[in-house]
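Colleague: Following is a predicted model, sequence given first.
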Amino acid sequence: MDNVTHALAGLLLADGACVLASRRLGRHPSAPLRATAALLGVVAAEFPDSDLIYSGPVVGMGKLGYLMHHRGHTHTVLWALIGAALLWWLADWWWRRRERATAGAEASAAPDVAMARLVLPPIAVIGTLSHLVLDWTNSYGVHPFWPFDNRWFHGDAVFIVEPWFWVIAIPALVWAPRSPRGRRMLGICLALILAASWGLGEVPTLLAGVLTASAALLLVLYRGLSDAQRVAGGVVCWLVVTLLFVSARNTAKAQVAATDPAHELRDVVLTPAPADPTCWEAITVSTDGVLYRVSSARVAPFPGLRSRSDCERAHVGRGVRGDPLANLPTSTPVVPFDSTSAAVQWHRSWTVPRAELVALAAERCEFAVALRFMRTPVWHEYGTGTIVLSDARYGVGDGGFAEVEMPGVAGPCPLVGRWVPGWVPPRMDIIQGRTASLSR
């Protein structure tokens, strides 16, 4: 998820912890404790992304450094709990410092330790774990159970920047006891997401209007509610939106599987359009044992409500609104799948011998390492002999972060001695464990 969404989740958690603690103890948190809770909520919710400090060129692996290490070890339950303990200790120290500074001449005013113990630990723990859960909800995925399980887990339910989360969270947060600066920042975030919905062309006009009207309605509604009611409303709305997208994902996946005649459909990657659970992009991976195939489609999981042709008209462009295989020279627009489905519109298909995938994984260490991330690997050899390997989830032929170039002739492995995590390749089901050694 985007970092603003993580921060909003952390703030909502902090407000909720303060409400629950005040109900239990019969008194309100002090201003320094509330401010510390809000800061801790944001930092804890963002903490797993600290891997951005070292992922990438820092580890000397080029693009593979990012693919291997972002959403890597810091995005695991183990490191989330270690990070939570560290953040709790720092927050407690900071809170006590703020309390002493605020007390001033009132030397007898003792910090409310009982209140702090109810507020800070759950924010630290749940905040860091919330990052993993939110990142799981999209198609990028996480592998949270390292070192016991190195597999990727993908939720395929929510777009990477989901406007609905901003729209439902900010009105619940803006009226809470908060500094004028904090309210201004929340208001700016709300204005930005609404402006993006109207101006970037990613959200249909009707949905942009619904988002705007919902934000205005919630702002008016929440102003007259108590802190507890606002927090409860924000959490419930967040869960409802998530469950709506999860339900639509399940329906879309079943419809795609029903129209793809492959005997061995190995994976269905789904990404919803922003703010729109009625239109999805699908990428399928399948094999019959001889051929390896990646195909793309548009899915309207509720064709009675929104037809597939309407989805095609409403979401034009690239990314989740276009065909991710369109720039792959060897893909074909002729897809021999069921064309009578009211829910699924197939776009293109790319097919190579499965033996080619197995051979490249066995002979090329860069290829084998990239497969530890790539869920929908496709590749093409250009006239120069260069092999360009891409993950179709993130486009093909545009030089994006998930596109790796390799010389056409295999040489010594350039990754010897590098820090390469042992993530299980998502397509291990097809390459069957035969991958190149990093010792070459």
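Modeller: Happy to help now that I have it.
Colleague: does the closest residue in space to Leu291 that isn't next to it in sequence belong to a helix or a strand, and which?
Modeller: Using C-beta to C-beta, 6 or more residues apart in numbering and skipping residues adjacent in sequence, the residue nearest Leu291 is Thr351, 5.3 Å away. C-beta here means a position set from N, CA and C on the backbone, and glycine is covered the same way. When elements are assigned from DSSP states H and E, Thr351 belongs to strand 344-353.
Colleague: For the worst-scoring helix or strand of the chain on mean pLDDT, C-alpha coordinates in CSV please.
Modeller: Least confident helix or strand of the chain, by mean pLDDT, DSSP states H and E, is helix 308-314 with a mean of 80. Once non-C-alpha atoms are left out, helix 308-314 reads as follows in CSV (Å, rounded to 0.1, in the frame of the first residue of the first chain):
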residue,chain,number,x,y,z
ARG,A,308,-17.2,-6.0,-19.3
SER,A,309,-17.6,-3.6,-22.2
ASP,A,310,-18.5,-0.8,-19.8
CYS,A,311,-15.3,-1.6,-17.9
GLU,A,312,-13.3,-1.4,-21.1
ARG,A,313,-14.8,2.0,-21.9
ALA,A,314,-14.4,3.4,-18.4
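Colleague: which helices and strands does it pack with?
Modeller: Counting by 3 or more C-beta pairs under 8 Å, 6 or more residues apart in numbering; DSSP states H and E, the packing neighbours recorded for helix 308-314 are strand 276-287, strand 291-299, strand 344-353.
Colleague: Which one of those lies nearest to Leu225?
Modeller: Comparison of the helices and strands packed on helix 308-314 against Leu225 by C-beta to C-beta identifies strand 276-287 as nearest, at 26.9 Å.
Colleague: per-residue confidence averaged over that closest one?
Modeller: Averaged across strand 276-287, pLDDT comes to 93.
Colleague: Name the residues of the strand holding Thr351 that are buried.
Modeller: Neighbour-count burial for strand 344-353, counted by 16 or more other C-beta atoms under 10 Å, picks out Val344, Gln345, Trp346, His347, Arg348, Ser349, Trp350, Thr351, Val352.
Colleague: And stretch 46-57, by the same measure?
Modeller: For stretch 46-57, the buried set under the neighbour-count rule, 16+ other C-beta under 10 Å, comprises Glu46, Phe47, Pro48, Asp49, Asp51, Tyr54, Ser55, Gly56.
Colleague: cool, and stretch 164-182?
Modeller: By 16+ other C-beta under 10 Å, the buried positions in stretch 164-182 come out as 164-176, 178, 182.
Colleague: Where does the prediction get shaky in the stretch 1-150 of the chain?
Modeller: Low-confidence segments of the stretch 1-150 of the chain, defined by pLDDT under 70: 103-110.
Colleague: rerun that using 80 as the cut-off
Modeller: Residue ranges of the stretch 1-150 of the chain with pLDDT under 80: 57, 102-111.
Colleague: and the next element down the chain from the longest helix anywhere in the chain?
Modeller: Longest helix of the chain, by residue count under DSSP state H: helix 227-259. Downstream of helix 227-259, the next assigned helix or strand under DSSP H and E is strand 265-273.
Colleague: got the angle for that next one vs strand 276-287?
Modeller: Counting by axes from the mean of the first three to the mean of the last three C-alpha atoms, to 10 degrees, strand 265-273 points 160 degrees away from the direction of strand 276-287.
Colleague: So what's the gap between strand 265-273 and the chain middle?
Modeller: Offset of strand 265-273 from its chain centre (C-alpha atoms, centre = their mean, to the nearest Å): 14 Å.
Colleague: Could you double-check that Leu132 sits in contact with Val77?
Modeller: Yes. Applying C-beta atoms under 8 Å, one finds Leu132 in contact with Val77, separated by 7.0 Å.
Colleague: Out of the buried residues of stretch 164-182, which is nearest to Ser307?
Modeller: Trp164 (22.2 Å).
Colleague: quick one: what helix or strand has the closest one in it?
Modeller: Trp164 belongs to helix 163-174, assigned by DSSP H and E.
Colleague: Could you list every helix and strand in contact with that helix?
Modeller: When contacts are defined as 3+ C-beta pairs under 8 Å, 6+ apart, helix 163-174 packs onto helix 3-25, helix 180-199, helix 205-223, helix 227-259.
Colleague: out of those, deepest packed?
Modeller: Here the criterion is mean neighbour count by mean count of other C-beta atoms under 10 Å, and of those the winner is helix 3-25, at a mean of 21.
Colleague: Just want the angle from that helix to helix 163-174.
Modeller: The directions of helix 3-25 and helix 163-174 differ by 40 degrees, with the same axes, to 10 degrees as the criterion.
Colleague: Can you pick out the ones from the buried residues of stretch 46-57 that are in helices?
Modeller: The members of the buried residues of stretch 46-57 that map onto helices under DSSP H are Glu46.
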